[in-house]
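> here is my input, please return the structure:
(chains A and B)
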Protein chains: 2
Amino acid sequence: MTLTSTPPRFRKAGYQAIDRICDYYYSLQEISVMSKVEPGYLRKHIPMDAPEEGEDFQVIADDYQKFIVPGLTHWQHPSFFAYFPTACTFEGILGDLYASSTCNPGFNWLASPACTELEAIVMDWAANLLGLSSAFKNSSGVGGGSIQTTASDSALITVVAARSMYQRNHRDVKMEELVIYTTTQTHSLGAKAGIVLGLQVRSIDVLAEDQYSLRGHALRNALEEDKKLGRKPFILIATVGTTSSGAVDNLPEIREIAKEQPDLWIHVDAAWAGVALSCDETRESLHLKEINAFAHSFCTNFHKWGLVNFDCSALWVRDRKYLTDALDITPAFLRTKQGDAGTVIDYRNWHLGLGRRFRSLKMWFVLRGFGAEGFRKYIRRCIDLNQTFAQLVRDSEVLSLVTEPSLALTVFRVAPKLESEDQPSLSMESLNEINSIFFGRISARSDIMLTQTNLNGIFCIRLAVGAARTTEKHIQDAYATIEKEAKATIETWQTINGAIVE
Amino acid sequence: MTLTSTPPRFRKAGYQAIDRICDYYYSLQEISVMSKVEPGYLRKHIPMDAPEEGEDFQVIADDYQKFIVPGLTHWQHPSFFAYFPTACTFEGILGDLYASSTCNPGFNWLASPACTELEAIVMDWAANLLGLSSAFKNSSGVGGGSIQTTASDSALITVVAARSMYQRNHRDVKMEELVIYTTTQTHSLGAKAGIVLGLQVRSIDVLAEDQYSLRGHALRNALEEDKKLGRKPFILIATVGTTSSGAVDNLPEIREIAKEQPDLWIHVDAAWAGVALSCDETRESLHLKEINAFAHSFCTNFHKWGLVNFDCSALWVRDRKYLTDALDITPAFLRTKQGDAGTVIDYRNWHLGLGRRFRSLKMWFVLRGFGAEGFRKYIRRCIDLNQTFAQLVRDSEVLSLVTEPSLALTVFRVAPKLESEDQPSLSMESLNEINSIFFGRISARSDIMLTQTNLNGIFCIRLAVGAARTTEKHIQDAYATIEKEAKATIETWQTINGAIVE
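Numbers count the residues shown, from 1 in each chain, chains lettered A, B, ... in the order given. Model prediction:
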C-alpha cells in the first residue's frame, strides 16, 4: 500500500530517522536557536491537498528536513534561555518510541494492564525522588499520582475536584458565588481554569518587597473581604516557582490561614520548580514540609526541567476520592471494590478525557537511565550555571537583578549603574523604555533566545537555564551578547534622549 | 552521565528499538491479543524506587520486553475487535519519533513556527479528504481545524465555546439553567463535559425502531419541555456513528429544528465514523451535506480508524472566534491583527492547556505515506471485512444481528433460531442471561477480543474491524470461535434451564 508499511521498509526508514536525530544533535551548536521564517512560509512549500497516491517515505523524510526543521524553534539548543526549558532526552525519545509502537488508549486497566500499573509505580518513584509524603503515593491506596498532559490540565482537574468537594459540603452554593484564588503572578493556568469552568478568579496582589510571594496576611484579607461579599473561595492555586520570576508563595504563612479554612483546597503548582525538590538543599526554600503537611494536590511538569519529553505533567492528590467523585461517570453498579481501594486504578476517572497515552514508559526510561543521582546532578548543574550568570549581572555596569535568582532562573534588566551619588536615577518609564528597546534588539538576533516579562510594572528580561547541552561557555557567551546589546541600547537611547547625566 | 545520553549510544539503542518494533509486528499473529497478567503483577517485578545510579539502556530495553510487553493488550493484533481500533502505522510512529526528537510545546507561532503552520495546513488537507465545507478550513480565515487529544477534549472545548456564545447573547442566564443535550447513546464524553463543567445534561431517549438514531420530533419535544421548565439548552452533541452500535443521528430532521434555534450549538461527534467520509459512498448516510450546512463544530479521531497514532482528535469549527472568545486569556493589548485574522494562529487559544505536542507531523506523514487513495482503500477494506462477518451472523443458526451493521461495526447476540413457528421465543431476560454467559466465555479466551454493550436493555456484543493486519481469514476464524462458544453457551444454558423447546 505504501513504501514504509512493511517491517523491512520501516526498518530502513527508522534507522534513517535515528541517524538524522543524531545528526540534529551534533549540529545543534552550529544552527540558530530561533527560526528565521516569516508567517505563512510553509504554505509556499506544501500543496493544498494530500497526494492522491502514497509517496515514498524518503521523499517525506527529506521534505521534513527541507521544510519543517528550518521552521522550528530549537528548544534543545544550548543558547535557548527563553520561557522554561522543555526536556528532551534520548531516554525519553526511546520510551516514547516504544510507547507509540504498541499504541493503545489505556483508559482502564483492562485496556492495557501494563499502562495503568507502570504509571502507578513510576509516579511513586517520582514521589520518593521529590521527597513527597507517602500520603501522596499510589501505594497508600488513598492519595495517588497520575500523569496529565500539562500543568493547565492538572490545575483544571484540581479545580473541578475542589469545586465538587465544596458543593458536596454546601449543597446550596451557586456557581456564580464560587471564586478561584490565584495571585497576580500565577501562571495563566489559573485564569484559564476560570474561563473554561465559567467561574470567578481573584488574583491577589503580591509585592516586590516580598519577592512576589503570596503572604499570609494578603490571603487573610482576601478571605475576609470575600466573606463579607458572600463569595465562596474554594481553592487557592499557590505557586512554588512562578513563571515570571520563580517566586515561591509563603506556604508556612498560608498553612496557618488554611487551618481555619477546611473548605479551601490548596493546590500547589510547581510546574517548573517542583523537580528541584529532588535535591535536599532546595527543600526548605521550596517548602516541602508544608506541601507534605497540608497541600491537597501538587503538580510538577517532568516535561519542563525534569528530563522527560513533553508531555508529562505529574499530579498528585492527597485523596483520590475527590478526583473520582468529581470525574467518575461510571454508574454506581460498575464501581468495583478494587477500583475504589486502588488495587486497580481506572485512570480515566483521574483526568479529563477517556483515552490516554502510555506516558509512564518514557518517565520510567528516564528515571532508570539517569538514576536519582544523575537527575539531581542535572538539576544542580543548571542551578550552578544560573548562579554564574546572576553573578555576572551583579558585577555588571549596565545590568542589574530585578529579583534574587531563583534556582535556574534569573530576572534582570538593563539599568546603568550611577556614576556618582549626585547623578539622578532614571525614572521607571525611562528604564522600561530602555529595556523594551533592548529586548527588541535581543529578539532580532537568532543566536540566543530570551523572554521578557513584567513584574508589577517593571519591564524585565528572563534567562532560564535548562537545555541539557548548555555549558559554562554558553553562559559566558550569552552574557557577552547581552552586555554588548545593553551597551548599544543605552548608547542609542542617550542619542535620542540626551546623555543620562545632563 | 548515562549510557544512552550521547548520540553514538542513542544510535545503538535506537536501531535496536526499531528492530524490536519490527519483531513485534512479525510476531503479532502468534501471541495472544489479551494479556494474561493479574492485577498488581508489575509491582512484583519492579523495585519501589528509581535506581540511585543510572542503568545501562540495554537493561532497561530488556526489562521492557520482559515485564511490559506481556502486560499489554495488543490493539494492533489482527484478532482485536474490541472497543474501536486505535490506529498504529509505521508512518505515524516515524512522524511521532521525529516530533519527539525536537520536543517543543508549540503553544504559539513563535514557540515553533512550523508546528502551527503544519497543523493549519494538514487540518485543511484532512478537511478536503473528508469533503468538509471550505468554511471549516483554516484557509477560510473564519472557521478552522486543530488537533486535540481526544474526542472528550474536543467535546469539552466545544461545550465551553457554546456556553460562552450563549452567555454573550443572554447575559442574565444562570449556570444552573443551562443544559447540554445528548442522547442515551452519546459517548460518555457528553456526561463528562457536564460533570467537569458542573452543567446539567439531558440524555434524550432514542429507540430501537429508529436504529438508536436521534429523531427530529424527540429533539423538538425535549426543547418544548425544557422551555416550559425555564431550562436553557445551549448545545446538542449529535453523533454520527455511536460507540455502542454505530448509530447516526438524523441530521436532516435535526437541521429543520435547529433552524428555529439560533442559540443551540450543534456539535457533531463522529469520533469513530468521521474518517469514513473520505469515501464518497458513505457521505449520504453519514449526512455530510447537513454537517456542511449547519454544524457549528465537527470532530473525528484520526487516532481511531484514521491510521494516525494516538492521540490525534481532529476538531473543526465553523467560526474560530467562538473558540477564542471562550478560551483566549491574552489581554486585549496583546491580541494581534494577524492572530485575529488567521495569518498567525495562536493554537493555545483553541484548546484547554497551553503547551501542545507537534501532532500534525504524524498526520502529515500518514496522509502522504498512504495518499488519499490508500486511506480510502483501508477504510473500504475494513467495511468489506465487516460485511463478511455480518453476513456470517445473518446466516447463522445461533447468532443474530441486533442492529444493521454500521460501516466496520457489527452488533449481534446469541439468539438461537426457532426450530418451528410454534416454538415459543425466548424472553429478553433469558437471552440476556445467555449472552452474559457467552460474553464471559469469550472474555476468558485470550486469542480474540470483543466488547459487550447494552442497547435499551438488550445485552449485546460488538465486533469492530480496524486493525491494519486483519484479513478475511481472521474474520472467518473469529466467526468460527464465536459460533463455537455460542453453541457451547446454549448447551450449558439448556442443561441448567431445561431444553429451549420444552
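
> from chain B, how far off is A:Ala50?
Distance from A:Ala50 to chain B, counting by Cβ to the nearest Cβ, to the nearest Å: 4 Å. Quick note: C-beta positions are derived from backbone N, CA and C, even for glycine.

> so what's the residue count around A:Met48?
11 (other Cβ atoms under 10 Å in any protein chain shown).

> now it: which helix or strand?
Under the assignment given by DSSP states H and E, A:Met48 is not contained in any helix or strand.

> nearest residue to it in space, please, no chain neighbours.
The shortest distance from A:Met48 to any non-neighbouring residue, by Cβ to Cβ, 6 or more residues apart in numbering or on different chains, is to B:Asp124 (7.1 Å).

> that's a helix at that neighbour, yeah?
Yes - remark: B:Asp124 belongs to a helix, assigned using DSSP: H, G, I helix; E, B strand; the rest coil.

> that one - how many residues pack around it?
25.

> okay but it is in contact with B:Gly145, surely?
Yes - between B:Asp124 and B:Gly145 a contact is recorded at 7.0 Å, counting by Cβ atoms under 8 Å.

> need the overlap of contacts for those two.
Common contact partners of B:Asp124 and B:Gly145 (Cβ atoms under 8 Å, 6 or more residues apart in numbering or on different chains): B:Lys137, B:Asn138.

> any idea how far B:Gly141 is from the residue nearest to A:Met48?
12 Å (Cβ to Cβ, to the nearest Å).

> do A:Met175 as well
Going from A:Met175 to B:Gly141 by Cβ to Cβ gives 35 Å.

> more neighbours: which of the two?
The neighbour comparison of A:Met175 against B:Gly141 (other Cβ under 10 Å) goes to A:Met175, with 19 against 12.

> which residue is the nearest non-sequential neighbour of the more buried one?
B:Met175 (4.0 Å).

> closest residue of the stretch 401-502 of chain A to chain B?
Nearest residue of the stretch 401-502 of chain A to chain B, counting by Cβ to the nearest Cβ: A:Ala468, 7.9 Å away.

> what's the neighbour count on that residue?
The burial count for A:Ala468: 18, using other Cβ under 10 Å.

> wait, isn't it in contact with A:Lys377?
No - using Cβ under 8 Å, A:Ala468 makes no contact with A:Lys377, being 11.5 Å away.

> how does chain A divide into domains?
Using the TED database, the domain parsing of chain A gives A:11-34+A:73-89+A:375-501, A:105-357.

> how far off centre is the first one?
Remark: domain A:11-34+A:73-89+A:375-501 is offset 18 Å from the chain centroid, using Cα atoms, centre = their mean, to the nearest Å.

> could I get the average pLDDT for stretch A:483-499?
For stretch A:483-499, mean pLDDT is 90.

> who's in contact with the nearest residue to A:Asn456 once chain neighbours are set aside?
In space, and not counting its chain neighbours, A:Asn456 is closest to A:Ala208: 5.6 Å by Cβ to Cβ, 6+ apart. Taking Cβ under 8 Å, 6+ apart, we find A:Ala208 in contact with A:Thr403, A:Leu455, A:Asn456, A:Ile458.

> can you rerun that using 10 Å?
Residues near A:Ala208 by Cβ atoms under 10 Å, 6 or more residues apart in numbering or on different chains: A:Ser245, A:Val402, A:Thr403, A:Leu455, A:Asn456, A:Gly457, A:Ile458.

> those residues into CSV, with extra columns for secondary structure and neighbour count?
Output for these, formatted as CSV (DSSP: H, G, I helix; E, B strand; the rest coil; neighbours: other Cβ atoms under 10 Å in any protein chain shown):
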residue, secondary structure, neighbour count
A:Ser245, coil, 24
A:Val402, coil, 23
A:Thr403, coil, 20
A:Leu455, strand, 22
A:Asn456, coil, 13
A:Gly457, coil, 9
A:Ile458, strand, 17
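
> now for the helix or strand where A:Lys487 lies, which elements pack on it?
When elements are assigned from DSSP H and E, A:Lys487 belongs to helix A:472-497. Under the contact criterion of 3 or more Cβ pairs under 10 Å, 6 or more residues apart in numbering or on different chains; DSSP states H and E, helix A:472-497 touches helix A:360-395, strand A:399-401, strand A:409-414, helix A:428-444, strand A:458-464.

> any idea which of those is most buried?
Highest mean neighbour count among the helices and strands packed on helix A:472-497 (mean count of other Cβ atoms under 10 Å in any protein chain shown): strand A:409-414, with a mean of 26.

> hmm, it in reach of chain B?
No - using Cβ under 10 Å from any Cβ of the partner chain, strand A:409-414 never reaches chain B; the gap is at least 16.9 Å.
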